[in-house]
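[1] quick one, fold the following:
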Amino acid sequence: PVPPEPASDAEAVDGMNHRRKPTDRLAELGDLIDRAEGEEDKRDAGQHLLMDMRNIASAFLGNEEKLVRAMMDVVEESGLSPLLSYNCNQLDPAGHTCIGVLLETYFSFHTWPEEGVITLDMFSNGPLPLITVIPIIKRFFGILRDIENEGPGIILEDTEYDPTKVVLNWAHQLRGFRTRAERTSNYLDDESDLALWVTTNIDHQKKDEVFSYQTKMQRVDIWDILGSDATPNYFDMKSGPYPLGDPHYKNSEFANPERLLFLNGIIQSANDTQQVYAETLVHPAMFAHRNPKRVAIIGGGDGATLREVLKHKTVEQVVVLEKDEEFVQIAREHLKQNNDCSNQVGAVPVCFDDPRADIRYVDAIPYFKNSFDLDQGQIAEDEKFDVVIIDAEDPTVANTLNEEQFLDAIVGSLTEEGIVAVEVGAAPSIYDPPEDRSLNKIRDAFFKHLEKRIDSLFVYEESRCGFYEPHAFVVGCMNKICRNYWYSKSDAIDYEIYERIHPSVDKEPALFHFDGSTQHGYKYIPRAWEDLYCRREPEPEECKYRQLDLKKEVIDWNDNFEVKKDEDGNVGIYTTTEIQEGSYIMAEELAASLFISSETHKNLVDSTQSMPESNTVVIDNFIEFTEKYGRESLTEGPGSKVIEIGPSILGRRLKEREKTNAARIASFLPPLPTYSPVFERNRRMFDVLVVATRNIAKGEELLIFDD
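    Got it, this is the predicted structure:
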């Protein structure tokens, strides 16, 4: 059939009513909306859609009449502005290049019949999202190739080939100039995660929209993607038909797509790494508490955080405060892996249905403000929480969650040894400016407010959560006792996991990522956090001592000191050389000091009471030594001790600073702050290092200030 003549300019303008109402899914079209009288619709920004298709019938790709008809069908069914004109050129030896001009859009394509390939290009500055046109284009242009009569067309050796399917690659991008507010509010903007991960990448082998919906609270997008160079992971291979390492697994044929969740265009989780993220958020906080029974989760509507909390045997109740009930139902259907508790011994299949889970569809902000107070604590019926986990919008970018009264209410909701945990966005770099003068100023305000309200604040990073950059997390404690658990040895954490985590049905480890060694890594905060902290104004006092001064001399024991008795018979350490002010005293010997946790000390004492007296002599002597030469650690936690074991133990300690000539660095510093990456990274150096506080003459006794 001969294609109909395109509408004239006058007809197109006169009959213009092509705008449509928003729809629940990207691929649906809404009802038409007539333009208001006199309304302007000119924009300096638009959308660009690129599509590549192969395995297309050569008879279709070489027929201009069929190609033009397909273009007109797409324009008509999609609701784009009317086609004003078109032009096609036949290529030698085969193929066509065509372009259609619409009122606010152009539609062009180029065909290679022998190869079975067509590339399409569309631009529009109209309001209709071009991404909704993709399935329509595929339906009218995706005419499957007749392999038997036309041949296979182009075959790429390094990619999977299925002659029964049309291969479609596409990318969508917003073009032109927009204000920052316009860019931030558009979930398809190039700066959104949805665009970065899905819509702007044309190389994905698979890019399937699983679910897209605008709830009353937020936009939810769930996509399955398979990258261009994807290969099966370990679990894909285990479930595949061939043994591990088989050559069949070298391409993407047996690789499962990755399911991605976006809320308002922001990436939330990927099915391959969601367990790493959830464990990273939950377990450091849970194991920093000795016996967490009552836990609150702010947000967490996908169920992954709830799943991890329910693994703890100590937990009696989990209150989930999720304001978007529709999202929870979406997660039940499309994100089942996130809320699957079926592998936990004694648990119900779906985490939301666990009797310990109290799911409340409420806004957490008024809930906390109406239930708890910073000074009064509990002011309503609900009891306090041992652990509060924030798994909603990032409070370091969301002003609503960063409201001081809300944060105060969270602190007021915590028990005496309560803990709060939250993810605080992408980790900083050493090149970042002070956070109060950067894009992270909300995070800076969040930190500084919590520093005024709680006792200890720990920051840690995880690079395996599935994001493009490492993300940072915070654990805040109401009581310094949590420092004992935070700095526990890795084997102690592993034992706690064994004791406190419910076993799994399949006998595999119940925790996929977190263990004692993982927690051991979290203790050592990266250098960038220390640098940012020391860029605060005024500079924190401890920043002056965060590394050894290379201009100062290190005075070791050999050839520089001797042990003598004074006139009264008191043993002391005397210098055999002159020592300049600021020099480091016996640094190597002091670095060998022992650190013993309060739990270890308690176990040693307990063991002497359960053993025959004749067998406890050595332990008794050691305990006596720790009492005589040990002192409380500044940073390791209440009851933890630092025990000097070198010749420095012979040096006299005085409590009058003016009578001394040396002191530990810690004596120059303020008390341990709530948050100080300098203390956390250099805690043992501060605990042991001694410096000369004035010039010390040859033959003078070393007198160390000890407060």
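[2] buried residues, stretch 47-64. List them.
    Within stretch 47-64, the residues scored as buried using 16 or more other CB atoms under 10 Å are 47-51, 53-58, 60-63. Just so you know, the C-beta spots here come from the backbone N, C-alpha and C atoms, and that holds for glycine as well.
[3] show me which pair in those is furthest apart.
    By the measure CB to CB, Q47 and S58 form the most distant pair in the buried residues of stretch 47-64, at 30.7 Å.
[4] hey, which strand is longest across this structure?
    Secondary structure of the chain read by DSSP state E shows that its longest strand is strand 414-426.
[5] residue closest to the middle of the chain?
    H471 (3.9 Å; CA atoms, centre = their mean).
[6] the spatially closest residue to it that is not a sequence neighbour sits in which helix or strand?
    For H471, ignoring the flanking residues on the chain, the nearest one in space by CB to CB, 6 or more residues apart in numbering is C465 at 5.3 Å. Here C465, judged by DSSP states H and E, is contained in no helix and no strand.
[7] now do the same contact list for C465.
    T273, V276, Y277, T280, H471 (CB atoms under 8 Å, 6 or more residues apart in numbering).
[8] make CSV out of the residues you listed and add secondary structure, pLDDT and distance to V678.
    Compiled in CSV, the contacts of C465 are given as follows (DSSP: H, G, I helix; E, B strand; the rest coil; pLDDT from 0 to 100; distance: CB to CB, whole Å):
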residue, secondary structure, pLDDT, distance to V678
T273, coil, 96, 32
V276, helix, 98, 29
Y277, helix, 98, 28
T280, helix, 98, 24
H471, strand, 96, 22
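[9] make CSV from those and add distance to N621 to it.
    Output for the contacts of C465, formatted as CSV (distance: CB to CB, whole Å):
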residue, distance to N621
T273, 51
V276, 47
Y277, 49
T280, 43
H471, 49
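[10] of these, which is the nearest to V605?
    T280 (35.7 Å).
[11] who touches the closest one in this structure?
    E462, C465, F473, H513, F514.
[12] repeat that with 10 Å
    With contact set as CB atoms under 10 Å, 6 or more residues apart in numbering, T280 has these partners: 273, 308, 421, 423, 460-462, 464-465, 471, 473, 513-514, 518, 522.
[13] circling back: the residue nearest to the centre of the chain contacts V422, doesn't it?
    No - under the criterion of CB atoms under 10 Å, H471 makes no contact with V422, lying 11.2 Å away.
[14] what's the mean pLDDT across the helix or strand containing N169?
    Per DSSP H and E, N169 falls inside strand 167-176. Across strand 167-176, pLDDT averages out at 92.
[15] for the stretch 401-550 of the chain, just list every one of the strands.
    414-426, 456-462, 471-477 (DSSP state E, counting those that start in this stretch).
[16] now these in TSV, with distance to T660?
    Listed next are the strands of the stretch 401-550 of the chain as TSV, based on distance: least, CB to CB, whole Å:
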stretch	distance to T660
strand 414-426	38
strand 456-462	30
strand 471-477	34
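[17] tell me which of these lies nearest to V563.
    strand 456-462 (39.9 Å).
[18] enumerate every residue touching F287.
    Here F287 is in contact with 312, 419, 475, 482, 485-486, 488, 492-493, 496-497, 500-501, 514, 516, 519 (CB under 10 Å, 6+ apart).
[19] got a winner among the residues you listed for most neighbours?
    Among the contacts of F287, I419 has the most neighbours (other CB atoms under 10 Å), with 30 neighbours.
[20] look at V691 and give its secondary structure.
    What DSSP: H, G, I helix; E, B strand; the rest coil gives for V691 is strand.
[21] which ones are touching it?
    Here V691 is in contact with 545, 548-549, 552, 555, 579, 581-585, 587, 662-665, 667-668 (criterion: CB under 10 Å, 6+ apart).
[22] mind doing that once more with 8 Å?
    Counting by CB under 8 Å, 6+ apart, V691 has contacts K552, G582, S583, Y584, I585, A662, A663, I665.
[23] just the residues you listed: which are in strands?
    Y584, I585, A662, A663.
[24] most widely separated two among those residues?
    Y584 and A663 (11.8 Å).
[25] now for these two: what residues contact both?
    V690, V691.
[26] related to what we said a few turns ago, by contact count, what packs against the strand holding N169?
    strand 45-54, helix 134-141 (3 or more CB pairs under 8 Å, 6 or more residues apart in numbering; DSSP states H and E).
[27] and the shortest one, how far from the chain's centre?
    When you say that, I think you mean helix 134-141. 37 Å (CA atoms, centre = their mean, to the nearest Å).
[28] residues of it that come out buried?
    Quick answer for helix 134-141 (16+ other CB under 10 Å): I134, I136, I137, F140, F141.
[29] following that helix, which helix or strand shows up next?
    Following helix 134-141 in sequence, per DSSP H and E, is helix 147-150.
[30] please list the outside residues in contact with that following helix.
    Under CB under 8 Å, 6+ apart, the answer for helix 147-150 is A57, S58, A59, G116, P163.
[31] looking at these, which one is closest to K250?
    P163 (20.8 Å).
[32] which secondary structure element contains the closest one?
    Applying DSSP H and E, one finds P163 in no helix or strand.
[33] likewise for D224?
    strand 219-226.
[34] which strands or helices does that strand pack on?
    Checking 3+ CB pairs under 8 Å, 6+ apart, strand 219-226 ends up next to strand 206-214, strand 258-263, helix 325-334.
[35] name the strands paired with the strand holding N169 and say parallel or antiparallel.
    strand 45-54 (antiparallel) (DSSP bridges).
[36] now do the strand it pairs with, average pLDDT.
    93.
[37] by contact count, what packs against the helix or strand I389 falls within?
    Assigned by DSSP H and E, I389 belongs to strand 385-391. Applying 3+ CB pairs under 8 Å, 6+ apart, one finds that strand 385-391 contacts helix 274-287, strand 294-299, helix 304-309, strand 414-426.
[38] okay, those in a markdown table with distance to E76 next?
    Listed next are those as a markdown table, based on distance: least, CB to CB, whole Å:
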| stretch | distance to E76 |
| --- | --- |
| helix 274-287 | 42 |
| strand 294-299 | 44 |
| helix 304-309 | 44 |
| strand 414-426 | 45 |
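[39] how near is G466 to E656?
    58 Å (CB to CB, to the nearest Å).
[40] neighbour count: the two, which is higher?
    G466 (20 against 9).
[41] nearest spatial neighbour of that one, skipping sequence neighbours?
    T273 (3.1 Å).
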